[in-house]
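**Student:** My questions are about this predicted structure, shown below with the sequence.
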Amino acid sequence: GAGVSQTPSNKVTEKGKYVELRCDPISGHTALYWYRQSLGQGPEFLIYFQGTGAADDSGLPNDRFFAVRPEGSVSTLKIQRTERGDSAVYLCASSLSGLGTEAFFGQGTRLTVV
Amino acid sequence: RKEVEQDPGPFNVPEGATVAFNCTYSNSASQSFFWYRQDCRKEPKLLMSVYSSGNEDGRFTAQLNRASQYISLLIRDSKLSDSATYLCGSFGNQFYFGTGTSLTVIP
C-alpha cells in the first residue's frame, strides 16, 4: 500500500518568500506529525495532529510557522517570510492512532532558503 | 533537558561485533518506545518497537527499563549493511526522537 507522501521533495526559495509543504499520510491514519531535521541532528518535533485538530503545536518555532489539516487527511505546513535558518529537511509522519502506535515517515521535503 | 537523549557516537565496530546503544527519556508517562534506522539523506524507517518484556528480531534485541527510564538496542554479529544512524523515539503526549547514534561497521 501507499506510504506517507510528501511534496515537493525539494524546494528552493528566496529569503522572505512564503512556502507550503504538503503531506499525504497513510490512508486511515488519524495521527500526523511534522518534524524538522537539520544535518547531524534528530527529528525536531514541530506539531502533532489528531484528526483535524492540532493536539500539540508546542514545537512550532515562531508565528511564521503554521500547519493545517482541514479534512483530517492531507496536511500542509506553511512558512511565511522564510529565513535562511529555516533550511532543513521537513519530515512528516503518520500513525494509525495517537496512542503511541508506530509512526511511519515520508521521504521529506528538503527546503533551502537562499 | 531534551525529552530523549542519545549518545551521538560515532560507533565504529568491526564486522561480527556486538554493539549496544542506550537512550534515556525524561517523561515518566511515556507509553511507547521505538527504534528507527536512518540512512544518509533518507527518512527514518521503523526498526522495531520496544516492549516492557523486551523483544528480539533476528540479530536485534530491544529492551526497556522503566525504572531508570532508558531503552536499549543490541545488535549482534554486525553486518556492513547495519551502518546507519539509529534513532530512538518515545511517545508520551507526542513522538519525540533523540539525535541519533551513528554506527559504522568496518570490514
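**Tutor:** In hand now; what should we look at? Fair warning: this is a prediction, and the values are worked out from it, not measured in the lab.

**Student:** what's the distance between B:Tyr70 and chain A?
**Tutor:** According to CB to the nearest CB, to the nearest Å, B:Tyr70 stands 16 Å off from chain A. All C-beta spots, glycine's among them, are computed from the backbone N, C-alpha and C.

**Student:** tally of neighbours for that residue?
**Tutor:** Neighbours of B:Tyr70 under the rule other CB atoms under 10 Å in any protein chain shown: 16.

**Student:** Looks like it contacts B:Ser26 (just checking).
**Tutor:** No. In this structure B:Tyr70 lies outside contact range of B:Ser26 using CB atoms under 8 Å: 10.8 Å.

**Student:** show me what contacts residue 30?
**Tutor:** Looking at chain A here, since you left the chain open. Residues in contact with A:Thr30 (CB atoms under 8 Å, 6 or more residues apart in numbering or on different chains) are A:50-51, A:72, A:96-98.

**Student:** wrong one, chain B
**Tutor:** Taking CB under 8 Å, 6+ apart, we find B:Ser30 in contact with B:90-92.

**Student:** how about 6 Å then?
**Tutor:** B:90, B:92 (CB atoms under 6 Å, 6 or more residues apart in numbering or on different chains).

**Student:** so does stretch A:7-21 get close to chain B?
**Tutor:** No. For stretch A:7-21, no contact with chain B is found by CB under 6 Å from any CB of the partner chain; the gap never falls below 10.9 Å.

**Student:** Just the endpoints, please. Distance across that stretch?
**Tutor:** Using CA to CA, to the nearest Å, the end-to-end distance of stretch A:7-21 comes to 6 Å.

**Student:** what's next to it, contact-wise?
**Tutor:** Contacts of stretch A:7-21 (CB under 6 Å, 6+ apart): A:22, A:76-82, A:90, A:109-114.

**Student:** Equivalent analysis for stretch B:45-53, please.
**Tutor:** The contact list for stretch B:45-53, computed with CB under 6 Å, 6+ apart, reads A:102, B:33-37, B:57, B:62, B:64, B:71.

**Student:** Find out how far that stretch is from the centre of the chain, if you would.
**Tutor:** From the chain centre to the centre of stretch B:45-53 is a distance of 9 Å (CA atoms, centre = their mean, to the nearest Å).

**Student:** All set, thanks.
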